[in-house]
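Peer 1: Have a look at this prediction, sequence included:
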Amino acid sequence: MAISHIVDKWVIEKIHELVSKNVTQPNEVRRCLNEYIEKGIPANVPTEERPKTNCQKYYPTKQDQHNHIARAITAQKIGKWQQRLLKRYGSDLVLMDSVANKGNSHDAQKCQTPSVETQKSLDYLGNEYDDLNRFSKTAKQEISRLESRLAEIADKVELVSNSIDEAQEYSYSYNVKVVGIPHLKQKESARDTSDLCIKIFNEMGIALSIQDIDIAHRVPTRKMNDNQPKPIIYKFTRRLAREQVMAVRRDITKVDPSHLGLLPESNLSHAGIYDHLTPRLQKLLAEARKFKDDNNYRFCWTKHRSIYLRKTENSNPIRIHQRSDLTKIAIGTS
């Protein structure tokens, strides 16, 4: 049997042995084979055929051995890898025999010189890094520009929102909200409601006519309750007339229901006249009332479409413009 064939068979057996031990990582295979090679020629080579030179005659350099094993491992899955290696390894050993006499110095220089494929890979990775770096700088600049633009848009939105609030507050400044007034009939028209309000204000001592009314109508409540009458939104044509009514609004409970054409059993003890607040102010008023209950404030009220809080009877009133005012008060009292 030829020496190269015996050595080839020995290498294949060692590879099978490593695979059976689940040693499949290229680095680990190279390390194990290197240990086998260091031990010399396998014992099953006949004495008369054992070469006088060392085993490097069959394995010219360790690097060639390593490169071959690494290619074999990564080329195929483990199931097909063993058969393909057996088929290819004999020709590789013949090639090793032909280049063995060239010396280790040439092989060492070859190992130190990067291959064309390696250089291409390094160039590709370098270009990818440069592209990524340029993209990162461009993205940061674009994000900075968008943040600046977003801040400008936020300022404009706030300006528009404030303008809408001001327009609503001006429109609502002609309105009053009347609650606790029973219905004249089941289906009450806007004219019926307007006439009812004129009678109420006249009974309170304010001389008003139908010309002082723009519109009067009932609105649904947030809490649907059939036992409670719907509130009335009353819009004046003159703000002066509105202020006259607000000045004597507490006298509404003194009005005789029979003078208004209401049923004799009607009761105005829970009637009241209030500022008609915009949706934003209504929400702020609800938050202010909750703040009053949570922080032991005694009073919370509205006047001229402004919201006020007061801790005690002798303390100064605090005007609430926005929700942040409640936060500031909470921080100051904590």
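Peer 2: Sure thing, it's come through.

Peer 1: isn't residue 182 right up against residue 265?
Peer 2: No - in this structure, residue 182 is not within contact of residue 265 by CB atoms under 8 Å, at 9.3 Å. (C-beta placed from N, C-alpha, C; glycine too.)

Peer 1: The two: which has the busier surroundings?
Peer 2: Comparing residue 182 with residue 265 by neighbour count (other CB atoms under 10 Å), the higher total belongs to residue 182, at 16 against 7.

Peer 1: and the more buried one, what does it touch?
Peer 2: 229, 257, 262-263, 266 (CB atoms under 8 Å, 6 or more residues apart in numbering).

Peer 1: And stretch 309-328, end to end?
Peer 2: One end of stretch 309-328 to the other measures 13 Å (CA to CA, to the nearest Å).

Peer 1: Touching it from outside, list them.
Peer 2: For stretch 309-328, contacts defined as CB under 8 Å, 6+ apart pick out 284, 287-288, 291-292, 296-300, 306-308, 329.

Peer 1: And stretch 268-275, by the same measure?
Peer 2: The contact list for stretch 268-275 (CB under 8 Å, 6+ apart) reads 172, 176-181, 245-246, 249, 252-253, 255, 257, 302-305.

Peer 1: one more time with 6 Å, if that's ok
Peer 2: Here stretch 268-275 makes contact (CB atoms under 6 Å, 6 or more residues apart in numbering) with 176-181, 249, 252-253, 255, 257, 302, 305.

Peer 1: Look at residue 39 and report its pLDDT.
Peer 2: pLDDT, residue 39: 55.

Peer 1: now the one 5 residues further on
Peer 2: At residue 44 the predicted local confidence, pLDDT, stands at 52.

Peer 1: Kindly report the same for residue 234.
Peer 2: The confidence metric pLDDT takes the value 94 at residue 234.

Peer 1: Check the spacing between residue 229 and residue 218 real quick.
Peer 2: 8 Å (CB to CB, to the nearest Å).

Peer 1: if we can go back for a sec, just send the contacts of stretch 309-328 back as TSV, with neighbour count and distance to residue 186 too.
Peer 2: TSV is the format used below for these (neighbours: other CB atoms under 10 Å; distance: CB to CB, whole Å):
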residue	neighbour count	distance to residue 186
284	20	35
287	15	36
288	23	36
291	19	40
292	18	38
296	9	44
297	19	41
298	11	41
299	13	38
300	19	36
306	14	37
307	24	36
308	15	39
329	18	46
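
Peer 1: Just after the helix or strand containing residue 155, pick out the following helix or strand.
Peer 2: Using DSSP states H and E, residue 155 maps to helix 116-172. The helix or strand immediately downstream of helix 116-172 is strand 175-179, counting by DSSP H and E.

Peer 1: Name the residues of the following helix or strand past that following strand that come out as buried.
Peer 2: Using DSSP H and E, the next helix or strand after strand 175-179 towards the C-terminus is helix 190-203. Buried residues in helix 190-203, counted by 16 or more other CB atoms under 10 Å: 192-201, 203.
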